[in-house]
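K.L.:
Provided below for reference: sequence and predicted model.
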Amino acid sequence: MPDQERLNQIDSPATVLILTPELPIPEHLVGEVQSKLAYVDEDIQAARVAGTGDRIELHLRQPIPQERLDEVSGKVQRVVVSMAKGAIQPKVQLLEDHLKRPVPFNADPHPELIARGELSQEAEGIYAFGPLLSRLMEFFESQFISLADSFDAAPYRFPSLIPAGYLERVGYFSSFPHSLTFATHLREDLEVIDQFAHSAACEAGELNVPLESFAPVQSLLSPAVCYHLYFALADQPLPNGQAVATAVGNCFRYESINLTSLERLWNFTMREVIFVGTKDFVLQSRETARQRMERAFASVGLAYRVESANDPFFIGEFRKQAAFQSAFQLKFEIRARLPFKNSTLAVGSYNYHQDFFGRHLNIALPDGSPAHTGCVAFGLERMAYAFLAQYGLDPAAWPPPVQEAFQ
Amino acid sequence: MNDDQAAPLIQRLQALLATALQVPAEAVNESLSFGDLPQWDSMGHMEVMIALEAEFGVEINADTITALTSIPAISDYLKGNQHA
């Protein structure tokens, strides 16, 4: 057992498993690998890539026999090899750097929000928001709506559910299987429904209902807003050759043990401005949106930077898709500073999908070629959280435009 | 390099792409570009890059990923970098 030790078995009911990865994990992949370890095994309670990417610490929910330790170790190594073997160094591009913009606060606002009743946790990754956070989210959303208005974007409203067939058509199942959230209902069967009505109960937060009581999954909870627009435009020529739309929606991405505080929510809200048209139109619109938001973020004193990024593809596609996305500079994240932990948090992104949706969904430009798409997306909860992390909960310390909005 | 010398390389590339993209050889013409076939999408492109790395020792990086998006571009790159 050269690469594996069991520690803390006496002092703690949890078991810590230390692994040496088969391949060193490059620095640029540490966060990505660490987040994927959450999905390796249900007995993993916490996971950390430590050292210089040459050490993995797994905290297990309970002591498990050697056979299971070997199984967990094997799965961890599979993740590491899949992501690190032949890793392609991403091309990092910094479009804006306002991280050093002075901000007056330096503590995690989360405990104070809980103490004040402004935030209540319903379950992991699921929160209810009080008046302060709600009004802050409304304020920031108004900024994003102003951006949408500057493009004369057409308003849309989309459902929280999305048909499974839609996500299948754009390859979502192979790219992001780990974060899917499924919706179902009881089978249309009187006995099943009667049985549920009489005996359904929650045990340790889990519903004690046999899986066979549920109907096959036809829909999921939607992971993004813009997909709904692309499906609305599918299989027809694009009217007027281009479109700009905006919508706000509930989005759902399951992040397992990574669901911590307001940084990672299972259920969150995104306001998007969506562009469909030629490559030049989409890229120019994305850049114009970034420039306009740079002025908006300056007015509210946000400390942040905009840098190239990639989506959290699952391990099977990660290496290839992330490299492709990075090389073509398809995604830029707005990363707000979290002073209390000296790190950043993605509060939004500027995205270009090339003609991926145009080809897969048969959205045609007037010349018959597939339409290009892009979107700018802002997470409202993260935006409010990052702002409070920089300015605190006392409105007197907030920049004037935010104060004025609260008067 | 004249056209006669170039022809075998183009044919090698056509065969390489057909394998990487898992399409019939006749689907890969001499001027095929990224996006011309449904199979030559982002994932398909990275399969092409991996095949070029294995066959010609092409380094996969942001520059090559964005530049090598057609058979003529790949051919020119290989000749220019003495991989062919």
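P.N.:
Nice, I can see it.

K.L.:
Would you list the phi and psi of the closest residue to A:I257 other than its chain neighbours?
P.N.:
Of all residues not flanking A:I257 in the chain, A:A38 sits nearest, at 4.6 Å (Cβ to Cβ, 6 or more residues apart in numbering or on different chains). From N, CA and C alone the C-beta is placed, and that goes for glycine too. A:A38 adopts backbone torsions of phi -60, psi -30, taken as degrees, to the nearest 10.

K.L.:
Just confirm A:F105 contacts A:G392, I think it does.
P.N.:
Yes - in this structure, A:F105 is within contact of A:G392 by Cβ atoms under 8 Å, at 3.8 Å.

K.L.:
Identify all contacting residues around stretch B:77-84.
P.N.:
Stretch B:77-84 has contacts (Cβ atoms under 8 Å, 6 or more residues apart in numbering or on different chains) with B:M1, B:A6, B:L9, B:F56, B:G57, B:V58, B:T64, B:A67, B:L68, B:S75.

K.L.:
Please disregard the earlier target; I meant stretch A:121-128.
P.N.:
Contacts of stretch A:121-128 (Cβ under 8 Å, 6+ apart): A:114, A:119-120, A:205, A:254-255, A:259, A:262, A:264-267, A:381.

K.L.:
just to revisit the earlier point, among the contacts of stretch B:77-84, which ones are in helices?
P.N.:
B:A6, B:L9, B:F56, B:T64, B:A67, B:S75 (DSSP state H).

K.L.:
Tell me the one of these nearest A:A322?
P.N.:
B:T64 (15.7 Å; Cβ to Cβ).

K.L.:
I'd say B:A27 and B:L37 touch.
P.N.:
Yes - in this structure, B:A27 is within contact of B:L37 by Cβ under 8 Å, at 6.3 Å.

K.L.:
Chain neighbours aside, what residue packs nearest to the residue nearest the centre of chain A?
P.N.:
Centrality entry for chain A: nearest residue to the mean C-alpha point is A:R253, 6.2 Å, by Cα atoms, centre = their mean. With sequence-adjacent residues excluded and distances taken as Cβ to Cβ, 6+ apart, A:R253 is closest to A:S179, at 4.2 Å.

K.L.:
which residues touch that neighbour?
P.N.:
Neighbouring residues of A:S179 by Cβ under 8 Å, 6+ apart: A:P223, A:R253, A:Y254, A:E255, A:P312.

K.L.:
As JSON lines, the residues you listed with pLDDT and secondary structure would be great.
P.N.:
Shown next, in JSON lines, are these (pLDDT from 0 to 100; DSSP: H, G, I helix; E, B strand; the rest coil):
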{"residue": "A:P223", "pLDDT": "97", "secondary structure": "coil"}
{"residue": "A:R253", "pLDDT": "96", "secondary structure": "coil"}
{"residue": "A:Y254", "pLDDT": "95", "secondary structure": "coil"}
{"residue": "A:E255", "pLDDT": "91", "secondary structure": "coil"}
{"residue": "A:P312", "pLDDT": "85", "secondary structure": "coil"}
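
K.L.:
Give me the buried entries from those residues.
P.N.:
A:P223, A:R253, A:Y254, A:E255, A:P312 (16 or more other Cβ atoms under 10 Å in any protein chain shown).

K.L.:
quick check, nearest of those residues to A:L190?
P.N.:
So of the buried ones among the contacts of A:S179, ranked by how close each gets to A:L190 (Cβ to Cβ), first place is A:Y254, at 32.2 Å.

K.L.:
Which stretches in the chain count as helices?
P.N.:
In the absence of a named chain, chain A is used. A:30-37, A:66-84, A:109-115, A:131-150, A:164-169, A:172-175, A:190-199, A:226-232, A:279-299, A:315-327, A:356-360, A:380-391, A:400-406.

K.L.:
right idea, wrong chain: chain B
P.N.:
Secondary structure of chain B by DSSP H: the helices cover B:3-21, B:42-56, B:62-67, B:71-80.

K.L.:
Quick check: of the contacts of stretch B:77-84, which lies closest to A:V376?
P.N.:
The nearest member of those to A:V376, counting by Cβ to Cβ, is B:A67 at 27.6 Å.
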